[in-house]
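1. Predicted structure and sequence below. I'll ask about it afterward.
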Amino acid sequence: VQLQASGGGLVQTGGYLRVSCAASGSIASTSVMGWYRQAPGKQRELVAATTASGDTTYHDSVKGRFTISRGNAKNTVYLQMNSLKPEDTAVYYCNCFWTNEDGRYNYWGQGTLVTVSS
């Protein structure tokens with residue numbers, strides 16, 4: 001499984017961006033796909049995640065501003081980011097995770113840079 005992220009860029013405070021991530025290969029129907037971010041000098045943190053059935057979770061700092069969704073084929077995940085703030089500046093990584101009787105599977109995309117200017 002490979003994850004390909006796209007859609008990052010430079011935006012002004014208050015602006016919006018959508019980042020996308022497509023998984024190639026076979027992923028489990030029970031997979032959780034999500035977005036993490038890592039700002040300079042900080043640890044990677046979970047931004048948002050969603051199950052294939054649509055359950056979602058968000059970091060407190062993005063609730064009400066970001067929306068995560070999966071495509072109809074369930075192998076893509078999107079993160080719509082509105083009302084962006086400078087503190088949202090980070091490299092955003094997509095992630096796909098599942099477990100089954102064969103083991104634990106955890107995949108990462110290459111990261112896409114989001115820069116919010118003040």
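-> Happy to help now that I have it. Numbers count the residues shown, from 1 in each chain.
2. Now do the longest strand along the chain, average pLDDT.
-> When every strand of the chain is counted residue by residue (DSSP state E), the longest turns out to be strand 90-100. Regarding strand 90-100, the rounded mean pLDDT is 96.
3. Identify the residue nearest the geometric centre of the protein.
-> For the chain, W35 is the residue whose C-alpha lies nearest the centre (C-alpha atoms, centre = their mean; 2.1 Å).
4. measure the residue sitting furthest away from the middle of the chain to G15 for me?
-> When distances to the mean C-alpha position of the chain are computed (C-alpha atoms, centre = their mean), the maximum falls on E101, with 26.1 Å. Separation of E101 from G15 (C-beta to C-beta, to the nearest Å): 45 Å. Using the backbone N, CA and C atoms, a C-beta is placed for each residue, glycine as well.
5. same thing with Y58?
-> 19 Å.
6. between these two, who's got more neighbours?
-> Neighbour count, other C-beta atoms under 10 Å: between Y58 and G15, Y58 has more, with 19 against 15.
7. excluding its backbone neighbours, what's nearest the more buried one?
-> Excluding the flanking residues, the one nearest Y58 by C-beta to C-beta, 6 or more residues apart in numbering is A48, at 4.8 Å.
8. tell me which element the one you found falls in.
-> For A48, the element it lies in under DSSP states H and E is strand 45-51.
9. Strands of this structure, residue ranges please.
-> Using DSSP E, the strands of the chain run over residues 2-6, 9-12, 17-24, 32-38, 45-51, 56-58, 66-70, 76-81, 90-100, 103-108, 112-117.
10. May I have the last one as PDB, with CA atoms only?
-> Yep, that's strand 112-117 we're talking about. C-alpha atoms of strand 112-117 as PDB (Å, rounded to 0.1, in the frame of the first residue of the first chain):
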ATOM      1  CA  THR A 112       2.500  17.900   2.100                       C
ATOM      2  CA  LEU A 113       3.500  21.300   3.500                       C
ATOM      3  CA  VAL A 114       0.800  23.700   4.500                       C
ATOM      4  CA  THR A 115       1.900  27.200   5.300                       C
ATOM      5  CA  VAL A 116      -0.400  29.900   6.700                       C
ATOM      6  CA  SER A 117       0.900  33.400   6.500                       C
END
